[in-house]
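In: Generate coordinates for the sequence data below:
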Amino acid sequence: MRRLRMLGIVLVPVVMLAGLANPALAQEPESLPLAAQGPYGVGVLTMEFVDEDQQGRELYVMIWYPADAGRSSYLMPEYDATPDKSGAPYPLILYSHYMGGNASNTLGAGPHLASYGFVVVSADHNDNPPWPNLIHRPLDILYMLGQFSTLDEGSLTGMMDTNMVGVTGYSSGGTTALMVNGTRVDPVYHVAMCAEEELDDWTCHYWDDIIAYREQYGPVTAGELWPPTADERIRAVVPIAPCYASLYGTRGLATATVPTLLIGNTADTLCDYERDAVFIHEHLGATDNYLLSLIGVDHLQPGEDKNVQAIYNHFTTAFFGYYLQGHEDYADFLTAEYVGQFEDLAWSAVEDQQD
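Out: Prediction:
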C-alpha cells in the first residue's frame, strides 16, 4: 500500500492560525497523475471591476487560461500570452481564497487547472474586516460569473464556457464555494450553536452585525433560511477545508443541489474536521456528494507544501474534469478503490484522528 508523506511546517498568514502538520502525505509522482502539468501552456491576465450593486465594491481579478506559450508552465505562466483557442470554449472555474489572502492565493490551482483546459478566475475579496465578507464573498462569485458571461472584447473573448462553471476555494474560500452550491444560512441553528460553549468563533461574536449588514441586500425573515446565493450554471464545487458549518445546520445543507467534492483535514484545529467537513458531508442535499479526508493534516496553507498541493490539484482536476469536461475516465480517481491505495487518504469520514 502506498503511503503519502507531507514534509515541513507552514505558518498560515494574517487571520488564519498557525497549523502544525503531522508527518503525512508525500506521494510518488506517478501515483497522482493529474498533479503533473496538463497539455496546455498557461497565460495570465489581471483585470479590475467595480460592483455597483455591492456599494461600489472594487475587485482585482487574476485570470489563468490555456495559452500558446511554448516555455510557459503552470509554475511559471506567461503574462498576456496568446490564448490557445484550439479547445475553446473552456469551462470556467471561479476560485475563492482563504481569509486574508488575495487573488493570487489559489494554492497553485489557478495555473494548474488552466494547463488542463480550464479558465480560472480569482478575485481579491478584501477581507478587512472579515465579517461583512460572509455576505460579500458569494456575491463576488456570482458577480464574476456575470461579468465573464458578457465579456465581448479582448483576447479572452470566446475562451470561456460560462454555462459549465465550477467553484473551489480553501478555508473561508471553501465556505464560499459551499454557499454557491445551493446551501443556505439557517440563522436559528447558528444562534443555537453559538449558545453552546464549544462553538466560539467570529461568526458568533459578530452575528448581530452580520444580520444588520445582510439586510442591505434584501430582507431576511426571522426564523427562515436566508435566500440562496446560487446560479444554475454552477455545476460542480470543491470546498477545501471549509469552515463554519454551524451557519447552515441540517436545513440549510439539505438545500444543496450541485455535485460537491469536500476535502477535509482530519487534524484541522481551525475548521474542525468533525464539526465542519464531516457534518457538511453527512447532511448535504446534493446527490453527488463526496468527502476526501487527508489524515493527520492540520489547518495550514498547503500552497507552501508541494506534496499537499499535489493532492488537492490532482483531485480537483479529476472532479472538474469529470463533471465539466466529460472525462469519463477521471471517474476512476473518484472512488474508494483508488483512494484506498494510500494509507493517509480516505474516501470517507475518518474517526478519532484528531487526538
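In: what about Asp53, how many neighbours?
Out: Residues within reach of Asp53, counting by other CB atoms under 10 Å, total 11. In this view, the C-beta of every residue, glycine as well, is placed from N, C-alpha and C.
In: same check, this time on the one 5 residues further on
Out: Using other CB under 10 Å, the number of residues around Glu58 comes to 12.
In: after the helix or strand of the chain with the lowest mean pLDDT comes which helix or strand?
Out: Lowest mean confidence among the helices and strands of the chain (mean pLDDT, DSSP states H and E): helix 202-205, at a mean of 86. Later in the chain than helix 202-205, the nearest helix or strand by DSSP states H and E is helix 207-214.
In: Write down the beta-bridge partners of the most centrally placed residue in the chain, one by one.
Out: Geometric centre of the chain, nearest residue: Gly169, 2.0 Å, by CA atoms, centre = their mean. Beta bridges link Gly169 to Ser96, Pro239, judged by DSSP bridges.
In: residues in contact with it?
Out: By CB atoms under 8 Å, 6 or more residues apart in numbering, the contact list for Gly169 reads 95-98, 175-177, 239-240.
In: Going by distance to Ser149, which of those residues wins?
Out: Tyr95 (16.8 Å; CB to CB).
In: Nearest residue to the closest one in space, please, no chain neighbours.
Out: Leaving aside its sequence neighbours, Tyr95 sits nearest to Ser122 (CB to CB, 6 or more residues apart in numbering; 4.0 Å).
In: Run through the helices of the stretch 251-355 of the chain in chain order.
Out: Secondary structure of the stretch 251-355 of the chain by DSSP state H, counting those that start in this stretch: the helices cover 279-283, 306-325, 336-339.
In: Would you mind giving those as a markdown table with mean neighbour count added?
Out: As requested, those are exported to a markdown table (neighbours: other CB atoms under 10 Å):
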| stretch | mean neighbour count |
| --- | --- |
| helix 279-283 | 19 |
| helix 306-325 | 24 |
| helix 336-339 | 13 |
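In: In a markdown table, list those along with mean pLDDT and distance to Leu294.
Out: A markdown table is the format used below for the helices of the stretch 251-355 of the chain (pLDDT from 0 to 100; distance: least, CB to CB, whole Å):
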| stretch | mean pLDDT | distance to Leu294 |
| --- | --- | --- |
| helix 279-283 | 97 | 14 |
| helix 306-325 | 94 | 7 |
| helix 336-339 | 95 | 11 |
